[in-house]
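Chemist: just the structure for this:
(chains A and B)
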Amino acid sequence: MNRIGFLLDEAFVNMRRNPLVVSGAVLAVFVSLFLAFGALSVQELVRTNTQQWQDGTHVIVFLKDARDGITLDSQVALRSEIDGWELVQSTEYVDKLGAFEEFKKLFPNSPVVDNIDPDVLPASIRVRLSDSTRYREVVFNLIDQPAVLEVVAPGESIENIAQLSRVLNWLGFGLALIQGIAAVVLISNTIRMAIYARREEVSIMRLVGASNWFIRIPFLIEGMIEGVAGAALAVFGVWIASRVVGDVDAAISLFDFTISSGFFVKWSILFLAFGALAGVVGSALGLRRFLKV
Amino acid sequence: MIKLEDVTKVYDGGTVACSNVSLNVAKGEFLFLVGASGSGKSTLIRMLLREEDVTRGKIWVAGKDITTMPSWKVPYLRRTIGTVFQDYKLLPNKSVAQNIAFALEVLGRPKAVIHRQVEQVIDLVGLTGKAERLPRQLSGGEQQRVSIARAFVNRPPILLCDEPTGNLDPATSVGIMRLLDRINRTGTTIVMATHDHAIVDAMRRRVVGLESGQVVRDQAGGRYEQEELVE
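Modeler: Reported below is the predicted structural model:
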């Protein structure tokens, strides 16, 4: 117990002596892992949304109503026509009342709900396709139909976002990689300065026969603490960011911005472990030249 | 206790620090290494600690061949050897007791043991009541006593001293030598490199003279200067 206490004390003494250098190393780890975690989260969001889209409604056809001279009969006729198309797997009709219910679900606390007349909301046909990637063909066939008010395919926005996210991911991972290398280098530099500041102690430790590991461990602990601290900041940063973005959720209902907690917890643990590893590796690099007997 | 066999040390630049040194130091012996600066005394001490590798030859310390010892075992070698230097090598921000305890802490000794041993050794070196002082609040002689206490607190069988009185006035030096003599009488083998004529002459112990890295004299009960041409 005494040994562990002594080693931890030594590590903390090191860090107290060089707070600026230590914070530099911590921030470098933070920026690196924040970028990496951020990129990963965006990727995950795109993945879950794409999947939802693939599993769910592919095309929504909003319908004109009596005010435009379109009767319920022609709406039904359109539905059966769509049903007959080769690409279409199934359809679902949502009437004005159903649309109002959905609207209430989307904006549960909005005062608008009380003032809105269910009649202004259009009825719609939800279309599921057998091959979701070919939604464009169906949209193309639909826009000319007289009963159609508007055709919405979430696929379009999802494709745009997927495209954007691919670019962002490469950028994010590239920056994270560069910054990650910088973090390891900075930690190794921090450790080198810590050793330099303590060269007298270290030389006396060697003189009285402290084992090499006993001398190294405080510096490795220091590196590890810096790595974990940076990773913890990154995890916290991503959590804050996901909360902020999650609030936008309701406004842009086609895209779901919530990260599942399973995903977040799993990757948080991995990123913390990675931070610890980066710290130990950086520290070992800093120690390498110094601790030959 | 210490045995050197044809030990030669050539530094990278080609400087020969020791050539064909053979020496046997028995357990409990007190040996002076004398010679001018650059005669190889310090190199010899550094080789005994494995701070320098030999170029040729063999060295045994406490029965172990240290020239072929793997480097991870070197710390254990150093635990059997206490070292005292001219410049004390104390940590300025630690008290007397903390400086001495440091040597035991880095070996992972339990706190209670450290406390007891530190107290004993402070009494032994005559610094009773000064345990909480910082090195800068002590005289040179007292600082050297702390350094000796740190070297001896682990009760090593061997004590290596490199010019321990080099920075001290004659009267203080005498005090330090009395202390080393006392430690020697507990059975500790002492090898001391020195320039100090008065001390060597007063102590009358075994004297090994070095010149340009070679042993030129090995005399029991000798003086600093060679009196007659007797080996």
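Chemist: need the residues of chain A near chain B, please.
Modeler: A:2-3, A:6, A:200-201, A:203-212, A:214-215, A:292-293 (Cβ under 8 Å from any Cβ of the partner chain). For the C-beta atoms, the positions are set from N, CA and C on the backbone; glycine is no exception.
Chemist: out of those residues, which are inside helices?
Modeler: If you go by DSSP state H, the residues of chain A next to chain B have A:2-3, A:6, A:200-201, A:203-207, A:212, A:214-215 in helices.
Chemist: so how do I select the buried members of these in PyMOL?
Modeler: Remark: buried members of those, expressed as a PyMOL selection using 16 or more other Cβ atoms under 10 Å in any protein chain shown:
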select buried, chain A and resi 6+201+204+205+206+207+212+214+215
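Chemist: could you list the buried residues of stretch B:198-217?
Modeler: B:199-200, B:203, B:205-210, B:213-215, B:217.
Chemist: redo the residues you listed as CSV? Include secondary structure and distance to A:Thr190.
Modeler: Shown next, in CSV, are those (DSSP: H, G, I helix; E, B strand; the rest coil; distance: Cβ to Cβ, whole Å):
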residue, secondary structure, distance to A:Thr190
B:Ile199, helix, 47
B:Val200, helix, 49
B:Met203, helix, 50
B:Arg205, coil, 50
B:Arg206, strand, 50
B:Val207, strand, 50
B:Val208, strand, 47
B:Gly209, strand, 49
B:Leu210, strand, 44
B:Gly213, coil, 42
B:Gln214, strand, 47
B:Val215, strand, 48
B:Arg217, strand, 52
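Chemist: which members of those additionally contact chain A?
Modeler: Of those, not one also sits near chain A (Cβ under 8 Å from any Cβ).
Chemist: ok, residues contacting the helix or strand bottoming out on mean pLDDT in chain A?
Modeler: Lowest by mean pLDDT, DSSP states H and E among the helices and strands of chain A is helix A:112-115, with a mean of 72. By Cβ atoms under 8 Å, 6 or more residues apart in numbering or on different chains, the residues outside helix A:112-115 that reach it are A:Phe103, A:Lys104, A:Phe107.
Chemist: am I right that the second one falls within a strand?
Modeler: No: under DSSP: H, G, I helix; E, B strand; the rest coil, A:Lys104 sits outside any strand and is assigned helix.
Chemist: any idea how many residues pack against it?
Modeler: Residues near A:Lys104, counting by other Cβ atoms under 10 Å in any protein chain shown, number 14.
Chemist: go on, A:Ile240?
Modeler: 10.
Chemist: sec struct for the most centrally placed residue in chain B, please.
Modeler: Against the mean C-alpha coordinate of chain B, by Cα atoms, centre = their mean, the closest residue is B:Leu160 at 1.6 Å. Classification of B:Leu160 using three-state DSSP returns strand.
Chemist: so what's it up against?
Modeler: Contacts for B:Leu160 (Cβ under 8 Å, 6+ apart) come out as B:Ile45, B:Leu48, B:Leu49, B:Ile81, B:Gly82, B:Thr83, B:Val84, B:Ile190, B:Val191, B:Met192.
Chemist: so which of those belong to strands?
Modeler: B:Ile81, B:Gly82, B:Thr83, B:Val84, B:Ile190, B:Val191, B:Met192 (DSSP state E).
Chemist: out of those, who's near chain A?
Modeler: Contacts with chain A are made by B:Ile81, B:Thr83 out of these, judged by Cβ under 8 Å from any Cβ.
Chemist: reformat the ones in strands among the contacts of B:Leu160 as JSON lines; add pLDDT and neighbour count.
Modeler: Below are these laid out as JSON lines (pLDDT from 0 to 100; neighbours: other Cβ atoms under 10 Å in any protein chain shown):
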{"residue": "B:Ile81", "pLDDT": "94", "neighbour count": "25"}
{"residue": "B:Gly82", "pLDDT": "94", "neighbour count": "28"}
{"residue": "B:Thr83", "pLDDT": "95", "neighbour count": "26"}
{"residue": "B:Val84", "pLDDT": "95", "neighbour count": "25"}
{"residue": "B:Ile190", "pLDDT": "96", "neighbour count": "22"}
{"residue": "B:Val191", "pLDDT": "96", "neighbour count": "25"}
{"residue": "B:Met192", "pLDDT": "96", "neighbour count": "27"}
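Chemist: what is the nearest of the ones in strands among the contacts of B:Leu160 to chain A?
Modeler: B:Thr83 (5.6 Å; Cβ to the nearest Cβ).
Chemist: circling back: only C-alpha atoms, please: export the least confident helix or strand of chain A in CSV.
Modeler: C-alpha atoms of helix A:112-115 as CSV (Å, rounded to 0.1, in the frame of the first residue of the first chain):
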residue,chain,number,x,y,z
VAL,A,112,-50.2,26.2,-32.0
VAL,A,113,-51.8,22.8,-31.5
ASP,A,114,-54.8,24.3,-29.7
ASN,A,115,-55.4,26.9,-32.4
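Chemist: now do the next helix or strand after it, average pLDDT.
Modeler: Where DSSP states H and E defines the elements, the next helix or strand beyond helix A:112-115 is strand A:124-129. For strand A:124-129, mean pLDDT is 85.
Chemist: what residues does chain B put near chain A?
Modeler: So chain B meets chain A at B:49-50, B:71-72, B:74-81, B:83, B:89, B:91, B:102-103, B:105-111, B:150-151, B:154 (Cβ under 8 Å from any Cβ).
Chemist: for ChimeraX, what selects the buried ones among the residues you listed?
Modeler: A single ChimeraX command selects the buried members of the residues of chain B next to chain A (16+ other Cβ under 10 Å):
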select /B:49,50,74,75,77,78,79,80,81,83,89,91,102,103,105,106,107,109,150,151,154
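Chemist: for chain A, just list every one of the helices.
Modeler: Taking DSSP H, the helices of chain A run over residues A:2-17, A:19-55, A:72-84, A:96-106, A:112-115, A:135-143, A:154-197, A:199-207, A:212-248, A:261-288.
Chemist: closest to B:Arg56 out of those?
Modeler: helix A:199-207 (25.2 Å; Cβ to Cβ).
Chemist: can I get the CA coordinates of the closest one in PDB?
Modeler: C-alpha atoms of helix A:199-207 as PDB (Å, rounded to 0.1, in the frame of the first residue of the first chain):
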ATOM      1  CA  ARG A 199      16.800  14.700 -12.500                       C
ATOM      2  CA  GLU A 200      18.400  15.000  -9.100                       C
ATOM      3  CA  GLU A 201      15.700  12.800  -7.400                       C
ATOM      4  CA  VAL A 202      16.000  10.300 -10.200                       C
ATOM      5  CA  SER A 203      19.700  10.100 -10.000                       C
ATOM      6  CA  ILE A 204      19.500   9.600  -6.200                       C
ATOM      7  CA  MET A 205      16.800   7.000  -6.700                       C
ATOM      8  CA  ARG A 206      19.100   5.100  -9.100                       C
ATOM      9  CA  LEU A 207      22.000   5.500  -6.700                       C
END
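Chemist: contact partners for residue 149?
Modeler: All of this is about chain A. A:Phe62, A:Leu63, A:Lys64, A:Asp68, A:Pro122.
Chemist: oops, I was thinking of chain B
Modeler: B:Val96, B:Ile100, B:Val121, B:Ile122, B:Leu124, B:Val125, B:Leu127.
Chemist: can you list the weak-confidence ranges in chain A?
Modeler: A:1-2, A:52-55, A:106, A:108-109, A:248-255, A:290-293 (pLDDT under 70).
Chemist: find the centremost residue of it, please.
Modeler: Against the mean C-alpha coordinate of chain A, by Cα atoms, centre = their mean, the closest residue is A:Ser41 at 1.6 Å.
Chemist: could you check how far that one is from A:Ala182?
Modeler: 22 Å (Cβ to Cβ, to the nearest Å).
Chemist: do A:Leu220 as well
Modeler: 20 Å.
Chemist: these two: which is more packed in?
Modeler: A:Leu220 (21 against 16).
Chemist: what sits closest to that one if chain neighbours are left out?
Modeler: Excluding the flanking residues, the one nearest A:Leu220 by Cβ to Cβ, 6 or more residues apart in numbering or on different chains is A:Ser283, at 5.0 Å.
Chemist: A:His58 too?
Modeler: Per Cβ to Cβ, 6+ apart, closest to A:His58 is A:Leu129, 4.6 Å.
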